[in-house]
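A.B. asks: Just a sequence and a predicted model for now, questions to come.
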Amino acid sequence: MTSLVPPPVEPPAATEAPHGFQPHPRRAEILGEVHARPFRPTRAPRVFLHHAFAVDRERLEDDRLFLERFCRARGAPGPGPDSRHHVVAFGGGSLKWERHAEFVTYTWDGAAVDPVRLFPELPSSHPFGSDFVAPGPMLVAVRLDFLSDRGDIAGAAAPFDPAALCVSEAYGGSGVALTDFRQDGDGRTRILCLDRGLNDQQAGALVQRLLEIETYRTLAMLGLPTAQERAPEVRRVERELAGLTAEIRSTEGLAANRSLLERLSGLTADLEAHAAEASYRFGATRAYDQIVKDRLATLHEHHVPGYGTWSNFLARRSEPAMRTVTGLQERMDTLSRKLSRTAQLLRTRVDVDLEQQNRDLLESMNRRSRQQLLLQQTVEGLSVAAVSYYVVGLLGYLFKAAKEAHLLALDPNLATGLAVPVVVALVFWVVRSIRRAHAPDHE
C-alpha cells in the first residue's frame, strides 16, 4: 500500500540558555544546523521531482516571499525570514524547499501513478506547472522513481542508455540505484531507485543522497567553463612573462628597467584580476566535488555484474574536468609567484640603478662644492686686494692733507707706501674673521 510518512515537526528554536545564562546570538542557528536537512522517511512506490535554481542574494528574499504566498494559499504556514528549509504538503505529497549559498532547491514527492511501470507519465498534481515562479536560472532537474524491486535488473535498465548506464547496490544490497545521467524529453535526469528491503529511514536517506549527488555533480561542473575561459589569458601572461624575463637579461639602465617593471605590473594586475574573478568558482567546485565523493562513500556501493558503478562513471567523466580546474588554479598560483619573484628582481635592479644615480649625483655635488670653495677663496683674495686698494687710497688722501696742514713730517707718498702692508694685513685679518664667523662649524 502506498503511504506517505508525514514530515518531521520542526522544534522551536532555542532562544534561552539553561540556568538563566545569556545565550550567544548564534546559538540557536548553530544548534539547529545539525537538524537543518534531516532525511525524510519514505516508502515505495513514489516519484520525486527535484530542481535546483541559481539565485543571487538580491532574489533570495523574493523566492522566500513567493514560497510564503504559495504556502498560505494552501492554508499552511510559510518559511520564516531566517528559515533555510521548509516542508509543505502539496498534491498528495510534500514539497521541500532548501536555501543554500548560491542556489535553492525544490523537491516534490508524490505517489507513483503506476507502481509497476517504469517512468510513467508524471502525476498532474506536481507543483512545477505554470503557476510556479522559478527564482532564477535552473541548474538541476531530476526525476527519481522509487519502486519496489521485482528482481529484474535487465528490465529495470531497459529505459536507460546502455553506454552510460550505472547500476550500484547500496546499503549492503538493500537498495539499487540506476541512472545514465542523461536527460529525458522534459529535460530531467532520470534515476531509478529499487527497494530491496529498506526501512523508511534508509529509503529517505538513500533518495536524498542520490538527489544530492546529481545536484552537486552539476554544480561542480560550473568551474569547467570558467577554467576554459581563463586558460587563454593565463597562457598569454605566461608567454609575456617569458619574453619579459628574456629582456631582463639583456636590458640595462634605470629607464629600461622601470619600463620593464611597469609592463610586469600590468601582467600581475591582469592575472590577479582573473584569479579574483575565478577564485570563488574554483573554491566552490572543489567543495561540491568533495561533497559528491562523500555522498558516494556513504552509499557503500557494491558492483552489479555487467554494469558500471556510479563512482567509476563519475570518476571517468568528471575527474578530467576537476583536474582541469585544479590544474589551472595551480598554474595561476605558480604564475603569481613567478611574477612576484620577477618583480622583486626588477625592483632590486631599479634600486641599484637609483643608488648608482644618487652616488653620481653626490659626487657631482662634491665637485661643485670644491669648485665653489676655490672660487670663493679666489674671490676672497681679490676682495682683500680691492678693499686694501681703496683703504690705501683713502690713507693717501689723508697723508696729503696732513702734509699740507704741516701735521705730517714724512712725504705723503712714502707714508702711503709704508701703510700698504699694514692695510693689507689688517683687511686680510678682518675678512678671515668674518668668514670664520659664518662657517658651519663655528661655535
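C.D. replies: Looks like it arrived, so ask away.
A.B. asks: Quick one: classify the residue lying closest to Leu49 once chain neighbours are set aside as helix, strand or coil.
C.D. replies: Excluding the flanking residues, the one nearest Leu49 by CB to CB, 6 or more residues apart in numbering is Trp108, at 4.8 Å. Every C-beta, even on glycine, is put in place using the N, C-alpha and C of the backbone. Following DSSP: H, G, I helix; E, B strand; the rest coil, Trp108 is assigned to strand.
A.B. asks: Now do Trp108, the pLDDT please.
C.D. replies: pLDDT recorded at Trp108 is 92.
A.B. asks: Surely it is in contact with Phe90?
C.D. replies: Yes. Trp108 is within contact range of Phe90, at 6.7 Å (criterion: CB atoms under 8 Å).
A.B. asks: Can you work out which residues contact both of the two?
C.D. replies: Common neighbours of Trp108 and Phe90, using CB atoms under 8 Å, 6 or more residues apart in numbering, are Pro127.
A.B. asks: Check Ala425 and give its pLDDT.
C.D. replies: For Ala425, pLDDT reads 84.
A.B. asks: And it, how close does it get to Ala402?
C.D. replies: 22 Å (CB to CB, to the nearest Å).
A.B. asks: tally of neighbours for the residue nearest to Leu49?
C.D. replies: 23 (other CB atoms under 10 Å).
A.B. asks: Measure how far stretch 229-241 is from the centre of its chain, please.
C.D. replies: 18 Å (CA atoms, centre = their mean, to the nearest Å).
A.B. asks: Buried residues, that stretch. List them.
C.D. replies: Judged by neighbour count using 16 or more other CB atoms under 10 Å, the buried positions of stretch 229-241 are Arg230, Val234, Val237, Glu238, Leu241.
A.B. asks: Contact partners for the first one?
C.D. replies: Remark: with contacts taken as CB under 8 Å, 6+ apart, Arg230 is in contact with His274, Glu277, Ala278, Leu328, Met332.
A.B. asks: right, and the third one touches Thr226 too?
C.D. replies: Yes. With contacts defined as CB under 8 Å, Ala278 counts as touching Thr226 at a distance of 5.3 Å.
A.B. asks: after the strand or helix carrying Ala321 comes which helix or strand?
C.D. replies: Assigned by DSSP states H and E, Ala321 belongs to helix 310-404. Proceeding C-terminally, helix 310-404 gives way to helix 412-437 as the next helix or strand, assigned by DSSP H and E.
A.B. asks: separation between Asp411 and Val352?
C.D. replies: 74 Å.
A.B. asks: likewise His300?
C.D. replies: Distance, His300 to Val352, by CB to CB: 65 Å.
A.B. asks: Ser279 now?
C.D. replies: 35 Å.
A.B. asks: What pairs with the longest strand along the chain, parallel or antiparallel?
C.D. replies: Counting by DSSP state E, the longest strand found in the chain is strand 138-148. Applying DSSP bridges, strand 138-148 is found paired with strand 46-54 (antiparallel), strand 189-195 (parallel).
A.B. asks: ok, back up a step: residues in contact with the residue nearest to Leu49?
C.D. replies: Residues near Trp108 by CB under 8 Å, 6+ apart: Phe48, Leu49, His50, Phe90, Gly91, Gly93, Ser94, Leu95, Lys96, His126, Pro127, Phe128.
A.B. asks: Kindly recompute the last result at 7 Å.
C.D. replies: For Trp108, the contacting residues are Leu49, Phe90, Gly93, Leu95, His126, Pro127, by CB atoms under 7 Å, 6 or more residues apart in numbering.
A.B. asks: I'd say the third one and Leu122 touch.
C.D. replies: Pointing back at Gly93 there. No. Applying CB atoms under 7 Å as the test, Gly93 and Leu122 come out as separate, 11.8 Å apart.
A.B. asks: So between those two, which is more surrounded?
C.D. replies: Using other CB under 10 Å as the criterion, Gly93 and Leu122 rank with Gly93 on top: 21 against 17.
A.B. asks: The closest residue to the more buried one other than its chain neighbours: neighbour count?
C.D. replies: Among residues not flanking Gly93 along the chain, Gly110 sits closest, at 3.3 Å (CB to CB, 6+ apart). For Gly110, the neighbour count with other CB under 10 Å is 22.
A.B. asks: Start at 62, not 1
C.D. replies: Got it, first residue is 62 now, which makes that one Gly171.
A.B. asks: Would you mind confirming that Gly171 is in contact with Pro184?
C.D. replies: Yes. The pair Gly171 / Pro184 is scored as a contact, 5.2 Å apart, by CB under 7 Å.
A.B. asks: Now list whatever residues contact both of those two.
C.D. replies: By CB under 7 Å, 6+ apart, the residues touching both Gly171 and Pro184 are Val108, Gly152.
A.B. asks: mind checking the SS state of Thr329?
C.D. replies: Applying three-state DSSP: Thr329 is helix.
A.B. asks: Show me how the protein divides into domains.
C.D. replies: Using automatic domain parsing, the domain ranges for the chain come out as 79-264, 284-422, 438-498.
A.B. asks: what's the closest of those to Arg431?
C.D. replies: domain 438-498 (10.7 Å; CB to CB).
A.B. asks: Distance from that closest one to the middle of the chain?
C.D. replies: Centroid separation between domain 438-498 and its chain, computed with CA atoms, centre = their mean, is 87 Å.
A.B. asks: and what of stretch 317-332?
C.D. replies: Here stretch 317-332 is found 22 Å from its chain centre; the criterion is CA atoms, centre = their mean.
A.B. asks: in it, what's buried?
C.D. replies: For stretch 317-332, by 16+ other CB under 10 Å, it's Ala317, Asn318, Leu321, Leu322, Arg324, Leu325, Leu328, Thr329, Asp331, Leu332.
A.B. asks: which residues touch that stretch?
C.D. replies: 294, 298, 301-302, 305, 308-309, 312, 393, 396-397, 400, 403-404, 407-408, 410-411, 414.
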